[in-house]
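[1] Let me see the structure of the following:
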Amino acid sequence: LWYVDLCGFALSGFTKFPIGVSKYLTWPETNWMTRMTCTHHVWTLPILLHTCGGLHYYAYPFSICIVISNVLLSRFFTPPTIHTKRYLNVNLSHSLWKDITF
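    Below is the predicted model:
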C-alpha cells in the first residue's frame, strides 16, 4: 500500500494520497525523525525479496500471525497519546488515522 500511496502522491502533483497510509508524513506535527524512520516501508520488502530469492508459501500465513500479534500488543501497551500532545498510533493499533477510528 505504501508503494501505491507514494506513487499516487507523486503522480497527483504531490496533492493527494490515493489510499492514505502514508499521509501522516505531510502532517505539520510529523517530525523529521519520524519521516526518516518510516522509510523502512519502502526498502525492506525489496531487500528481503532479493536476499531470500523470492517468497516461500508459508510467508503469507506467517506474516498474518505476526501482524495480528504486533497490532494486539501495540494496542494494549501503547497509549493513543502522551499528555494529549504527541499522537501515538504504533502499528495502527488505535485507529487507521486520527480521523478514522475503530
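[2] can you give me the strands in this structure?
    Assigned by DSSP state E, the strands in the chain fall at 81-82, 86-87, 95-97, 100-101.
[3] Any idea which of those has the lowest pLDDT on average?
    Averaged per stretch, pLDDT over the strands of the chain is lowest on strand 100-101, reaching a mean of 57.
[4] In the chain, where's the longest helix?
    If you go by DSSP state H, the chain has its longest helix at helix 59-77.
[5] Only the C-alpha atoms, please, for it, written as CSV.
    Coordinates of the C-alpha atoms in helix 59-77 are reproduced here as CSV (Å, rounded to 0.1, in the frame of the first residue of the first chain):
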residue,chain,number,x,y,z
ALA,A,59,5.4,-16.5,4.3
TYR,A,60,1.9,-15.1,3.9
PRO,A,61,0.2,-17.0,6.7
PHE,A,62,3.2,-16.4,9.0
SER,A,63,3.0,-12.6,8.3
ILE,A,64,-0.7,-12.6,9.1
CYS,A,65,0.2,-14.1,12.6
ILE,A,66,3.0,-11.6,13.1
VAL,A,67,0.8,-8.6,12.1
ILE,A,68,-2.1,-9.6,14.3
SER,A,69,0.2,-10.1,17.3
ASN,A,70,2.0,-6.8,16.7
VAL,A,71,-1.2,-4.9,16.5
LEU,A,72,-2.7,-6.5,19.6
LEU,A,73,0.4,-5.9,21.6
SER,A,74,0.7,-2.3,20.4
ARG,A,75,-3.0,-1.8,21.3
PHE,A,76,-2.6,-3.0,24.8
PHE,A,77,0.8,-1.5,25.6
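[6] In it, which residues are buried?
    By neighbour count, and taking 16 or more other CB atoms under 10 Å as the criterion, the buried residues in helix 59-77 are 74, 75. Placement of C-beta: from N, CA and C, glycine included.
[7] Also stretch 20-31?
    Going by 16+ other CB under 10 Å, stretch 20-31 has these buried residues: 21, 22, 23, 24.
[8] Out of those residues, which comes closest to residue 70?
    Sorting the buried residues of stretch 20-31 by distance to residue 70 puts residue 21 at the head of the list, at 15.6 Å, by CB to CB.
[9] if I pick that closest one, what's in contact with it?
    Neighbour list for residue 21: 1, 2, 5 [criterion: CB atoms under 8 Å, 6 or more residues apart in numbering].
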